[in-house]
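> Predicted structure and sequence below. I'll ask about it afterward.
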Amino acid sequence: MPGGRLTQQERRRIALGLAEGLAYAEIARGLDRPTSTVTREVLRNGGPGAYRADLAHYATQHRTRRRRQTTPREPLPEGRDAEAVREYEDMFATVFVQSGLPRMAARVLASLTVTDTGSLTAAELARRLQASPASISKAVTMLEGMSHVRRERDERRRERYVVDNDVFFQSMMASARTTAQLVEIARQGVGVLGADTPAATRLEGIARFLDSVSRNIARAAEEARALLHAESGRE
């Protein structure tokens, strides 16, 4: 099985496979590469609908040059491959971007998530991401508003940004609350527009759909959290 970085020709074959609707595993078999290599390559370069071979090749070369010029990150625990960790973090951030987060917010969230402590200061994030303190602060403010990140002070009175095991529970509950607000607004529209009008009928359908979704999200999140906490308590 070939090792090393993907070649430009391999990236073009990936693009062709995506255009033909092939699964990642099938494309990987044709290249004699692990499926994870193809998955990571596509996700970090726009996803299956936006992947462009030549742009992906250029972006990879640019990232490699940038890493050689930047300050090394903190030492990793023994047994971890620093390059593999960086690539995984980039892929994680790309998935967050595809879910709707701005790029810097996605990078901050990915960095916090893959650290063992789940906690970094603004200065540590700025060094890690080679970004300005202002851009880090803006990203954290957005993530905090979405309940993805919280702030706390350490023993040196430094402000730290934290994710923990409940970060996505809190995020999903925040999403459910926002959806519930949409339900309320939609139902107010029924009264404003008149119950028998087409617009009101549409709004009532939207309200029923969103009400069911928000309740199911909240219930599923609470059940999953309770189950995971119970399993953790038995370990």
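Received, thanks.
> so residue 172 is in which element?
Per DSSP states H and E: residue 172 is located in helix 167-193.
> Could I get the buried residue list for that helix?
167, 169-173, 175-176, 179-180, 183, 186-187, 189-190 (16 or more other C-beta atoms under 10 Å). For every residue, glycine as well, the C-beta is placed using N, CA and C.
> mind checking which helix or strand of the protein has the lowest mean pLDDT?
Lowest mean confidence among the helices and strands of the chain (mean pLDDT, DSSP states H and E): helix 53-69, at a mean of 70.
> helices or strands next to the helix or strand following that one in the packing?
Downstream of helix 53-69, the next assigned helix or strand under DSSP H and E is helix 82-98. Judged by 3 or more C-beta pairs under 8 Å, 6 or more residues apart in numbering; DSSP states H and E, the packing partners of helix 82-98 are helix 35-43, helix 103-114.
> Pick the most buried one from these.
helix 103-114 (a mean of 22; mean count of other C-beta atoms under 10 Å).
> average pLDDT across the helix or strand that that one is followed by?
Downstream of helix 103-114, the first helix or strand assigned by DSSP H and E is strand 119-121. Taken as a whole, strand 119-121 carries a mean pLDDT of 91.
> Same question for strand 119-121: list its buried residues.
119-120.
> what lines up beside that strand in the sheet?
strand 159-162 (antiparallel) (DSSP bridges).
> list the buried ones in the partner strand?
Neighbour counts over strand 159-162 (16+ other C-beta under 10 Å) mark 160-161 as buried.
> Over to stretch 11-18?
Buried residues in stretch 11-18 (16+ other C-beta under 10 Å): 11, 13-15, 17-18.
> now do stretch 223-233
Residues of stretch 223-233 classed as buried by neighbour count (16+ other C-beta under 10 Å): residue 225.
> quick check: longest helix of the chain.
As assigned by DSSP state H, the longest helix anywhere in the chain is helix 198-234.
> Does it pack against any helices or strands, and if so which?
For helix 198-234, the packing partners by 3+ C-beta pairs under 8 Å, 6+ apart come out as helix 167-193.
> I'd like the average pLDDT over the longest helix of the chain.
pLDDT averaged over helix 198-234 gives 87.
> What residues of it count as buried?
Applying 16+ other C-beta under 10 Å to helix 198-234 flags 200, 203, 206-207, 210-211, 213-214, 217-218, 221, 225 as buried.
> for the residue sitting furthest away from the middle of the chain, phi and psi?
For the chain, the largest distance from the centre (C-alpha atoms, centre = their mean) belongs to residue 196, which lies 42.4 Å off. The phi/psi pair for residue 196 (degrees, to the nearest 10) reads phi -100, psi 10.
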